[in-house]
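Asks: show me how the following folds:
(4 chains)
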Protein chains: 2
Amino acid sequence: MLSQKAKYALKALLILSERPAGVPIQVVELAEEGNLPRKFLELIMLELKKHGMVHSQRGKHGGYMLAALPSEISFGDIVRAMDGPLAPIPCASLTAYRKCADCTDEKTCAVRIMMRRVRDAASEILDNTYLSDMSSDDVEAISNQLVSA
Amino acid sequence: MLSQKAKYALKALLILSERPAGVPIQVVELAEEGNLPRKFLELIMLELKKHGMVHSQRGKHGGYMLAALPSEISFGDIVRAMDGPLAPIPCASLTAYRKCADCTDEKTCAVRIMMRRVRDAASEILDNTYLSDMSSDDVEAISNQLVSA
DNA sequence: GCAATAGGCTATTATTTCGATAGGAATTAT
DNA sequence: ATAATTCCTATCGAAATAATAGCCTATTGC
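Replies: Okay, here's the model as predicted:
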């Protein structure tokens, strides 16, 4: 499951990615444009900042801006920052491996192998798509393709 | 995330799939062989039965058996029965679509498109692999390939 | 028929996680 | 100074998760 937190983070960063770089956008504005709960979004932006994905400017005329180019921030980065590993189960994670408490022999565990495949597939998609690949223009084009297909 | 419940279900069904069909296996035996909490597993087996994936026989010499061939029960079936839809977010689900409360325009939602891709990838894997594809022999072979690769 | 065995069912519980809100401290522009 | 805005901590309620307990009911073997 993708948490609300991660969903909101994605939406906020997508909005930021379509604005001119370096100009701070306030949380209120992000919340309005994305239809997101303001106070919750504040926490999220703070967390994104701690992960180095955005910069902030305090005080009047402050706000948030991307810490890198939209072509450098992947969906995988964002989802991991908010929700942790992509793998459905810790023993199938590359970035945060943890053995199952009840596991007797990992090598013969079919569950782990299957979940590893799922993880790899998700990573293949999310780690190779960047904010810049999903601008509103791109998304509209994709949606239209789906309709005509 | 794959729940413990789903993980235990998968392990139990994998054990069943390697036993002769039609011979009931008791919960205690499944719990021991799979290193699973007995009482919790009882609930799980019951739920699997309600989903029509296993049959049960009560009384002395009772137990559970698969309701179909191992080549007919997919990992996708099992995961969905235990944890619900594969999609990371309801608006990207085929089997249990639900609109996001905060969504203003689904057609231009990049999050939904990405999560739909993830869903499709997971489905591609889980719906096309059956219990019979993951017998302990198969799994050992796969593990050995990984070592030598 | 009766005892033993095993699934069936309901309730309960503890723990954690999630989603969100509140209030105020720190900082900056004017 | 004042207004605006991020930063930080605390807190809350609701839901989900993981599991256990206990009793009921069906079936079998003798």
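Asks: OK, contacts around the nearest residue to A:H61 once chain neighbours are set aside?
Replies: Nearest residue to A:H61, sequence neighbours excluded (CB to CB, 6 or more residues apart in numbering or on different chains): A:P24, at 7.1 Å. To be clear about C-beta, it is placed using only N, CA and C from the backbone, and glycine gets the same treatment. Listed by CB atoms under 8 Å, 6 or more residues apart in numbering or on different chains, the contact set of A:P24 reads A:56-57, A:61-65.
Asks: out of those residues, grab the one that's most surrounded.
Replies: A:Y64 (24 neighbours; other CB atoms under 10 Å in any protein chain shown).
Asks: and it, what element?
Replies: strand A:63-66 (DSSP states H and E).
Asks: summarise which helices and strands the following helix or strand past that strand is packed against.
Replies: Using DSSP H and E, the helix or strand that follows strand A:63-66 in sequence is helix A:75-83. Identification of packing neighbours for helix A:75-83 by 3 or more CB pairs under 8 Å, 6 or more residues apart in numbering or on different chains; DSSP states H and E yields helix A:4-17, helix A:38-50, helix A:110-126.
Asks: among those helices, which comes closest to A:A31?
Replies: Proximity to A:A31 (CB to CB) singles out helix A:38-50 among these, at 4.2 Å.
Asks: DNA strand C contacts on chain A?
Replies: A:3-5, A:8, A:37-40, A:42-43, A:57-62, A:83 (CB under 7 Å from any atom of the strand).
Asks: filter those to the buried ones?
Replies: A:4-5, A:8, A:83 (16 or more other CB atoms under 10 Å in any protein chain shown).
Asks: which bits of chain A sit near chain B?
Replies: Proximity of chain A to chain B (CB under 8 Å from any CB of the partner chain) is limited to residues A:1-2, A:7, A:10-11, A:14, A:35-36, A:75, A:88-89, A:100, A:102-104, A:107-111, A:113-115, A:117-118, A:121-122, A:124-126, A:129, A:134, A:136, A:138-140, A:142-143.
Asks: do that again at 6 Å, thanks
Replies: Within chain A, the positions near chain B by CB under 6 Å from any CB of the partner chain are A:1-2, A:7, A:10, A:14, A:35, A:75, A:88-89, A:102, A:104, A:107-108, A:110-111, A:113-114, A:117-118, A:121-122, A:125, A:134, A:136, A:139, A:142-143.
Asks: these, buried ones only, as a PyMOL selection?
Replies: Remark: buried members of the residues of chain A next to chain B, expressed as a PyMOL selection using 16+ other CB under 10 Å:
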select buried, chain A and resi 2+7+10+14+75+88+89+110+111+113+114+117+118+121+122+125+134+139+143
